[in-house]
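*Asks:* Okay, here's the prediction I keep looking at, along with the sequence it came from:
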Amino acid sequence: MLPAAAGGGCLAANVMHFARMLRRAGLPVGPGQVLDAQAALAHVDLTAKAEVHAALRAVMATRRDQHEVFDAAFALFWRNPDRSIAESLMAALDGARRQTEPQKPKAGSRRAAEALAPRERKEPPKPAETPERFEAAMIVSAEERLRRMDFEAMSEAEVAAARTAIARLRLPFDQVPTRRFRPDPTGPRADLRETLRRSLREGGDLVEIARRRRRTRTPPLVALADISGSMARYAAVLLAFLHAVANDRQRVHVFLFGTRLTNVTRALRHRDAEVAFQMVANIVPDWSGGTRIGETLHRFNRDWGRRVLGQGATVLLITDGLDREGGVGLAAEAERLRKSCRRLIWLNPLLRWEGFEPKAAGIRALLPHVDDFRPAHNIDSLAALVRALSGPQPARRWRKAA
């Protein structure tokens, strides 16, 4: 926090710097919320810390899952201005060392501390005279821990490492037969037309029978990813997975939805991941908002279904199923989507909980119409998805409508 100047306070500047800290910690705080925060502070007693905390949290942390990060950031930022950041951090570290039992820091506190720490430019390490030794067991253990860690609990550095690991994933699909054929000397079918052509070229003499084989082609992949407030943290990481897939294979179509549907296929085809994500941020208007899954699927089926779902397309539906409309019209649109594609796979981060039960209306409406229901909360779950889609696809079991 900036200290107060001699001629007046720095409340507006402090609110702006506090908003920057929240953005670095992962909270979607924009310029509009900064202005609302300054207006809210005009109606509370600035000498009462509890009132300031309640006013700022009301406009800067609108979701319950953001309160933990906000409270930790507020405690770190709005403190005694006469005390430097370095002294405060050292005091906190000394207090942590005096504890008899070490406690695992919460994800919100860790993200808030990383957002407050200054971003210094790292200098290249000096060449050592003796070769350094690394314990391979520790490296493997850290990598396994990262692969099993929930995206929601990751720090900024861990999210960057997870994106790097996800970018190395490859998603090969089995080849599906088409209606066209290609010449093949060992093909299973006789090509009578080509055989007659060869015979005419030889003056009507008998020649070897030409053979052919059916062409195969990789089916299209269509991804529908939820970017609402409840999925914002997961969508930011899963977007790296979709970017890697879109640059690794052809005929990949990616749509993002919250309250409306946005086609981001062209933006994700850019080779540079950071440029691609910036292009996506510029064209998506409803990031971290509400969710209208039924209306979104209706628009996709009406405007895009016939364009992208041909030739045995596989659809990845990435959402937690929490629909603000209570699942109105969702079952009919999900059934239509399932009948239009070869396979419908639902990736839901809520499956990370062992006691998960489909109690929400949106989840109950979607569940009967999907071919596969999988978690998508860490790197291991995405790797399992790649393994499942790399082999032959199981035959679809058609369900009778209730």
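*Replies:* Noted; the coordinates are in hand.

*Asks:* For the rest of this, base every contact and every neighbour count on C-alpha atoms.
*Replies:* Will do.

*Asks:* Name the SS class of residue 44, please.
*Replies:* Judged by DSSP: H, G, I helix; E, B strand; the rest coil, the three-state class of residue 44 is coil.

*Asks:* and it, how many residues sit next to it?
*Replies:* 15 (other CA atoms under 10 Å).

*Asks:* cool, and residue 50?
*Replies:* 11.

*Asks:* Helix or strand: which one has it?
*Replies:* helix 49-60 (DSSP states H and E).

*Asks:* which of the residues in the following helix or strand past that helix are buried?
*Replies:* Note on helix 49-60: by DSSP H and E, the next helix or strand toward the C-terminus is helix 67-77. Buried positions in helix 67-77, judged by neighbour count with 16 or more other CA atoms under 10 Å: 67, 69-74, 76-77.

*Asks:* do stretch 347-362 as well
*Replies:* 347-351, 361-362.

*Asks:* same check, this time on stretch 243-254
*Replies:* Quick answer for stretch 243-254 (16+ other CA under 10 Å): 243-248, 252-254.

*Asks:* Double-check that residue 178 belongs to a strand.
*Replies:* Yes. Counting by three-state DSSP, residue 178 is located in a strand.

*Asks:* What's the separation between residue 280 and residue 20?
*Replies:* Residue 280 sits 21 Å away from residue 20, going by CA to CA, to the nearest Å.

*Asks:* scratch that, residue 63 is what I was asking about
*Replies:* Distance, residue 63 to residue 20, by CA to CA: 18 Å.

*Asks:* And these two? Which one has more around it.
*Replies:* Neighbour comparison, residue 63 and residue 20: the larger count goes to residue 20, with 18 against 13 (by other CA under 10 Å).

*Asks:* helix/strand/coil for the more buried one?
*Replies:* helix.

*Asks:* ok, it - contacts?
*Replies:* Taking CA atoms under 8 Å, 6 or more residues apart in numbering, we find residue 20 in contact with residue 29.

*Asks:* helix or strand for the nearest residue to residue 208 once chain neighbours are set aside, which one?
*Replies:* Spatially, and ignoring its direct neighbours in sequence, residue 208 is nearest to residue 195 (7.4 Å; CA to CA, 6 or more residues apart in numbering). In the assignment (DSSP H and E), residue 195 maps to helix 192-201.

*Asks:* since we're on residue 196, how many residues are nearby?
*Replies:* Neighbour count for residue 196, taken as other CA under 10 Å: 17.
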